[in-house]
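1. following is a predicted model, sequence given first.
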Amino acid sequence: MTENEIAKIVVDLCIKIHTILGPGLLESVYEEVLVYELKKLGFIVLRQTGIPVIYETVKLDIGFKADVIVENKVILELKSVETILPVHKKQLLTYLKLTKMKLGLLINFNENLIKNGITRIANGM
């Protein structure tokens, strides 16, 4: 399955979850439900996965964590905030570069209309 196919399924699930739960819950609630839905569909899903930084020849495990990684292809950075800031997009792009993955979705569940809270971030490598 391609990154784009995975992303479409994730977006559809986010719409479903947001329709049922609405905005205003903690990020951890949306993460739990989204992971449940993805696993129900048979996806390999990692949560709160550490992302090391390689500096020269030294591997630094310094606490970067991706919220959700689907099929080792797409990183999901989940938020439940009033406003997405530029730093959130940069953070996801950095995770993509460090993992050499091509696609990430920044998803803010604290939007009245969830489609306004989903941003695709591509790593041009």
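-> Arrived safely, thanks for sending. Numbering: from 1, shown residues only.
2. just the element for the spatially most central residue of the chain, please.
-> Centroid-nearest residue in the chain, with Cα atoms, centre = their mean: Leu76, separated by 0.9 Å. Using DSSP states H and E, Leu76 sits in strand 74-79.
3. which residues touch the following helix or strand past that strand?
-> Remark: after strand 74-79, the chain's next helix or strand is helix 86-99, criterion DSSP H and E. Contact with helix 86-99 is made by 51-54, 64, 66, 69, 75, 77, 79, 101-104, 106, 119, 121-123, 125, as judged by Cβ atoms under 8 Å, 6 or more residues apart in numbering. (Glycine included, C-beta is placed from N, CA and C.)
4. and the next helix or strand past helix 86-99?
-> Next helix or strand after helix 86-99 toward the C-terminus (DSSP H and E): strand 103-108.
5. each with direction, which strands does that following strand pair with?
-> strand 74-79 (parallel), strand 118-122 (antiparallel) (DSSP bridges).
6. can you give me how far stretch 70-90 is from the chain middle?
-> Relative to the mean C-alpha coordinate of its chain, stretch 70-90 is positioned 5 Å out (Cα atoms, centre = their mean, to the nearest Å).
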